[in-house]
Every structure is written in C-alpha cells, then in structure tokens.
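1. here is a sequence together with a model predicted from it:
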Amino acid sequence: MGTVGEQTGEQNNQQKRIDLNDYTVIKEGEAEILMHAKNEVFYNKTQVNNRDMSIAVLRAFIAKRKQEHETMVSRRSKTVPKESDKSISEADAMVDSITEDKITNGECEASEESSRDEPCSLSEEPARNPEGKGRGELKSPRVLEALSASGLRSLRYAREVEGIGQVVALDNDKASVEACRRNIKFNGSLACSKVESHLADARVYMLTHPKEFDLVDLDPYGSPSVFLDSAVQSVVDGGMLMCTATDMAVLCGSNGEVCYSKYGSYPLRGKYCHEMALRILLASIESHANRYKRYIVPVLSVQMDFYVRVFVRIYTSASAMKNTPLKLSYVYQCTGCDSFHLQPLGRTQSKNNSVRYLPGFGPVVSQECSDCGKKYNMGGPIWSAPIHDQEWVTSILADVKSMKNCYPAYDRISAVLTTISEELPDVPLFLSLHNLCATLKCTSPSAVIFRSAVINAGYRISGTHVNPLGLKTDAPMDIIWDIMRCWVKNHPVKAQPPELAGSVILAKEPVLQANFARAVASLSKAQAKKVARFLPNPERHWGPKVRAGRQITIKHVSLLGAEAVNSVINREEESDEPAAKRKKTEDLTSDS
Ligand SMILES: C[S@@+](CC[C@H](N)C(=O)[O-])C[C@H]1O[C@@H](n2cnc3c(N)ncnc32)[C@H](O)[C@@H]1O
Ligand SMILES: [Zn+2]
C-alpha cells in the first residue's frame, strides 16, 4: 500500500507521511477507515448492527422532519395572512431552532490539528450550514456524534444518508481524534466537506452548544449516564437523541444499587430484564429532560447483541411534561412465582373540562402474592408507556427492505424490526412460558397452544424482539395461572412440597376454563410467513470489545450472555423439551 498525507499538529504542523502498510483498511457500508495494527482506537465490527439501525432511523427522521415541515408550511400559508409573514410564529421559531449558528466551514485542513497541549475543548467554531438560507426554510439536519472514536459512524452518516447536513464528531482521546481526521481525509472530498472532528469532552461541548443539533448520537463504552444531562440539552426541539448502553449487567440487576446510582431506577432480575433495561434507560433520559422542561417521545427501542439502544425525540413543553408520571411505573415482582404487576406513579382526574394531576393509587398488590403467597420485590421506576412508535417502525422497515443492499447487516436489522413491528405496543414487559412451567414443574405447552388459550380467553398476545421465548400479553396474572392450572390438569405433575410456589398455585381451582383450541392469530405474522426473526451470530466471539489499547484479559460476562442468547435463538418455540432443562439454558440468556 502507498502513503497518505497527514498533519498531526505536532512539530509545527509538519506534513507527515503515513505508511499505509501499518494499517488495515476496513470498509463498512460506504465508509472506509484505517485501523492501525495496535488497538489504539476503538472499533468493533459487531456494532455494524447498531450503525445500520441508526442509519435506518436517521433516514426516517429526515423524511419525517421534511413531512412535518411541509405540513407546518401549508398550515401557515392557509391560516396566516401574507403581511404577517415577517412575524415569527411558533412554527418559524421551531424551524429556526433546527439550525442555529456554529457549523463548520467544512475545510478539512483547517481542523486537522490536535496539538498535545490542546485543551479538551475546541476553539474551532463551525460555520453556517450552506443549505439553510432563509427563515422558515428547512435546513439540512446537523448531527453530533459525541463519542466518535475512529469516526466510522459519522463517515457512514455523511456518505450514506441523503439530505444530511454537517456531522460533528467528538472524542476526548487524542489518538481517536487523529484517527478520525485521517479517516475523514481517506474518505475523500464529500467526507471532508461534511464531517469535522474535534478533540473535546462531549459533556462540555454539549452543554456549551444547547439546542444546536438535530441529532445527538451517544455510543459510549458501558453506561451513557454521565452524558445524558448535557445531551438532552443539546438537541433542538423535535430533534432526536440516539443512545446506546452496554452496561447490561448493571441494567439487568446484577448490582441494583449501582443501577440506581447511575439511572435512578432499581432493576429486577427477571426474564424480562433486557426489556426492563430499555425502560430504565428511557425513564432516566426522561428524568434528565424534565429538568429543562423537556420530554421524550420514543420512536424505537432495541435490545441487540450485548446492548440496548434507544431512539427518542425531544420536545420542550412545561405542560406536556406534567404527563411524565403517567408514563412511569414501579414493578412488583413476586419472589416465589415471578408474577409481576405495574404500579403507575401518577394518574389524572378530569373535572369541569380541566385535568388534575395526582399521585397514583396504590399499592396495586397486597403484601403477599395473591397467586403463591410469597413476598414481592419492587423495582423501577421504569418507562411504562410505549417504547416504539409503530408508524415509524413500519416505515423504517419498509425503507430498509427497499434499500436492502445499502445495509451490510440487512438480515439482522430487518429481523429485529419485523419482530418489533409485531410487539403489542401497550404491554410493558413479558412472560416466559418456560419460566411459568419451571414454577409449576410441568411440561411446557407449545407457544401456539398457550397463545391460543390466551386469545380464546379474550386477551391479546405477541412475541418480543428481546427474547425468542418471551410473550407479551394484556391478560392479568390470575388468568395466566388459570390457563396453566387447566394445562396441568391434562398434563399432571409429580407431587411437590406444599410450601413451594408452584404447589400453592396448583392447589387452587381455576376460575377460567381454558380453551386450548388453536386460534387463528396464534402464530405471529412473521412465523406464518416463515420470516426469520432471531438470527444466530455470524461468527464466534460476536460481542462487546475492550476499550481501545487494552488487551483482552478478562472474560466478558456479557459475551457469555450474547452467545448464550444465540444458543436458544431459532429454537422451535413449540419444542417439547422439558421446562426444567430449558430453564437452565434460559438462565444464561438473562445474564449479561
Ligand atoms: C465505544 S467508542 C465509540 C464508538 C463509535 N461510536 C463507533 O460507532 O465506532 C466510545 C468513545 O468515546 C470516547 N469518550 C469517552 N469519554 C468521552 C468524553 N467524555 N468525551 C468525548 N469522548 C469520550 C472514547 O475515547 C471512545 O473513543
Ligand atoms: Zn407469587
């Protein structure tokens, strides 16, 4: 390989030639990056799923913004007389907030330096977006990748997403910034004109650039918690925050108190812990947003591989913010039978055309579980409102399908989006059929038979993208246990000690007579069409990476989680494998 010119900023900005033989060129999508043989700058190819999903959401966001802008303009032209064009309507103000000052002038050379004594904040101020001219005109969205490492993600956004404006890539690590600048150059003039790299502490940068970015992307090692407060302030009204958390062990309850200190919520170790992780992260972002009279609207929330990632829009409204307690709940989880119940934080009361906001009625459960008599653990608060906007999900999925070749991780992201599109949107958390059977020590009905019984009892049921064995339903726990009691009557179990939760549950007669006749809707649409929903990992050790520059010496618990999840992936949900044996495998999946 040849050489490429690079300024390091050291030694009086001397031109330094880089020997490309020291580097490997990595191509992902339309972007190429140079990776040095030493593990100096973070790169994890597993994250192609994360980057592809983000590109899909970014495309949808740009289309949505355009649509919203057109609606606003047409509404205004219908209702506002011409001479009032000069006045700044609320609509104008919102459009204006989309691109405020400070964008880069787009010249690569000017931003190439990162001298050794440079402080962690940059003096280079971005210049005006050339595409946004007058008031009321929709400007190309400005993106901030706050934790950019090699810049691969920023380069992909710039090169692959039509209509994107400036992309600002930050990192507080000099080697990463140098690599990012090298990579910008390596990707040619389009990248040079759109992407700029700054050596900065993301928290300081975001705090000093309030409401400036249409999109802020947080993709940290581990927890994003320290970045949330500044990130929610840096997004324009109606803009989007994309946020990854890879500290799954914390979010899934291995150290509840650590999770509380980072996110302000207590996690519970249940089969649904990965969905609870998503909901804890959303609740935490909302709490940070509320401090600034802002609130979030989730568009898509995914648990993939070894992390969770949420895509939320952020708005400002002191009155809409009052609804926050209605979107949060504590979770009571029985220590004996894992039954769970949600306790909303707030409620409303309508009186004389006005709404009063009040604390939630509680407790929603008694001291002892009404099914098995054991005590409850209480977790949360979690975000208990919908975690996806199904309209967005449908349109993202359709768009991804129409651009199949543009997504290196097409199979994976389309499978995840398909499963999400079938999730019951208004049901937080889910049951594990095999967990229910492990409590009762009975054989497991097939998912189709169980789904049928729930549907025949008049309730809804769906799968979840989080767990191939999970089932979301609006049926209350007493109905679920009645269905299982009826199942056990036809599939008897060996006598167990009477104090066990399962024995207590089975000692009661069912009120509902379950009907296990196969219901038409008992197969998911994807199952019916035989569309893959859970895919195995493409290769071994598909999981999180250590920080750049470190050797892999510790065994990653989360890697075990990622691999174990795949050991149950694609397994026939209708398998007759004994529940107890399955429980052992499943236990691994909830460890991260
Ligand atoms: C997981 S990597 C980012 C990967 C990247 N988004 C991608 O898709 O390839 C996290 C990066 O955040 C950087 N970082 C950590 N703390 C930071 C801070 N306070 N400000 C800016 N960058 C930070 C690290 O140096 C590291 O390069
Ligand atoms: Zn119980």
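-> Arrived safely. Ligands and ions are numbered 1, 2, ... in the order given.
2. return the list of helices and strands in contact with the helix or strand where residue 342 lies.
-> Residue 342 is part of strand 340-344 when elements are defined by DSSP states H and E. With contacts taken as 3 or more CB pairs under 8 Å, 6 or more residues apart in numbering; DSSP states H and E, strand 340-344 sits against strand 328-334, strand 376-383. No exception for glycine: its C-beta is placed from N, CA and C like everyone else's.
3. please name whichever of those strands is nearest to residue 268.
-> Closest to residue 268 of those is strand 376-383 (CB to CB; 3.7 Å).
4. for whatever residue of the stretch 301-450 of the chain ends up closest to ligand 1, give me the pLDDT.
-> Nearest to ligand 1, among the residues of the stretch 301-450 of the chain, is residue 307, at 10.0 Å (CB to the nearest ligand atom). Residue 307 carries a pLDDT score of 96 in this model.
5. show me what the helix or strand that the strand holding residue 342 is followed by packs onto, helices and strands only.
-> Going down the chain from strand 340-344, the next helix or strand is strand 346-351, by DSSP H and E. Helices and strands touching strand 346-351, by 3+ CB pairs under 8 Å, 6+ apart, are strand 354-359.
6. paired strands for the strand it packs on, with orientation please.
-> Counting by DSSP bridges, the strands paired with strand 354-359 are strand 346-351 (antiparallel).
7. now do the partner strand, average pLDDT.
-> 95.
8. roughly how far apart are residue 221 and residue 481?
-> 42 Å (CB to CB, to the nearest Å).
9. who has more neighbours out of those two?
-> Ranked by neighbour count (other CB atoms under 10 Å), residue 221 and residue 481 place residue 481 first, with 24 against 17.
10. was I right about the more buried one contacting residue 371?
-> Yes - taking CB atoms under 8 Å as the definition, residue 481 is a contact partner of residue 371 at 5.4 Å.
11. and for residue 357, nearest residue in space, chain neighbours not counted?
-> The shortest distance from residue 357 to any non-neighbouring residue, by CB to CB, 6 or more residues apart in numbering, is to residue 322 (5.2 Å).
12. for that neighbour, grab phi and psi.
-> Dihedral pair for residue 322: phi -60, psi -20, per degrees, to the nearest 10.
13. what's the neighbour count on it?
-> 15.
14. over to residue 255?
-> Residue 255 is flanked by 13 other residues according to other CB under 10 Å.
15. for the closest residue to it other than its chain neighbours, grab the count of nearby residues.
-> Leaving aside its sequence neighbours, residue 255 sits nearest to residue 249 (CB to CB, 6+ apart; 7.5 Å). Residue 249 has 20 neighbouring residues, counting by other CB under 10 Å.
16. quick check, residue 249 in a helix?
-> Yes - assessed by DSSP: H, G, I helix; E, B strand; the rest coil, residue 249 belongs to a helix.
17. now residue 282: closest residue in space, sequence neighbours ignored.
-> Once flanking residues are discounted, residue 282 sits nearest to residue 383: 3.6 Å by CB to CB, 6+ apart.
18. out of the helices and strands packed on strand 340-344, the one nearest ligand 2 is which?
-> strand 328-334 (3.2 Å; CB to the ion).
19. measure the residue nearest to residue 255 to residue 258 for me?
-> 9 Å.
20. then residue 226?
-> Taking CB to CB as the measure, residue 226 falls 14 Å from residue 258.
21. so between those two, which is more surrounded?
-> Each of residue 226 and residue 258 has its neighbours counted (other CB under 10 Å); residue 258 has more, 16 against 13.
22. you'd agree the more buried one is in a helix?
-> Yes - assessed with three-state DSSP, residue 258 lies in a helix.
23. that one and ligand 1, how far apart?
-> Per CB to the nearest ligand atom, to the nearest Å, residue 258 is found 19 Å from ligand 1.
24. tell me the contacts of that residue?
-> Neighbouring residues of residue 258 by CB atoms under 8 Å, 6 or more residues apart in numbering: residue 250.
25. can you name the residues of the stretch 251-400 of the chain that neighbour ligand 2?
-> Proximity of the stretch 251-400 of the chain to ligand 2 (CB under 5 Å from the ion) is limited to residues 334, 336-337, 339, 369, 371-372.
26. restricted to buried residues, select the residues you listed in PyMOL.
-> Filtering these down to the buried ones (16 or more other CB atoms under 10 Å) takes a single PyMOL command:
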select buried, resi 334+336+337+339+369+371+372
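27. now do the strand holding residue 342: everything it contacts.
-> 268, 270, 272, 325-326, 328-334, 360, 362-365, 376, 378, 380, 384, 428-429, 477.
28. how about the residues of the stretch 1-150 of the chain by ligand 1?
-> For the stretch 1-150 of the chain, the residues in contact with ligand 1 (CB under 6 Å from any ligand atom) are 42-43, 47, 51, 147-150.
29. if we can go back for a sec, drop anything exposed from the contacts of strand 340-344.
-> If we count by 16+ other CB under 10 Å, those have these buried: 268, 270, 272, 325-326, 328-334, 360, 365, 376, 380, 384, 428-429, 477.
30. which elements pack onto the helix or strand where residue 419 lies?
-> Here residue 419 sits within helix 410-421, counting by DSSP H and E. The helices and strands touching helix 410-421, judged by 3+ CB pairs under 8 Å, 6+ apart, are helix 48-79, strand 294-304, helix 390-402.
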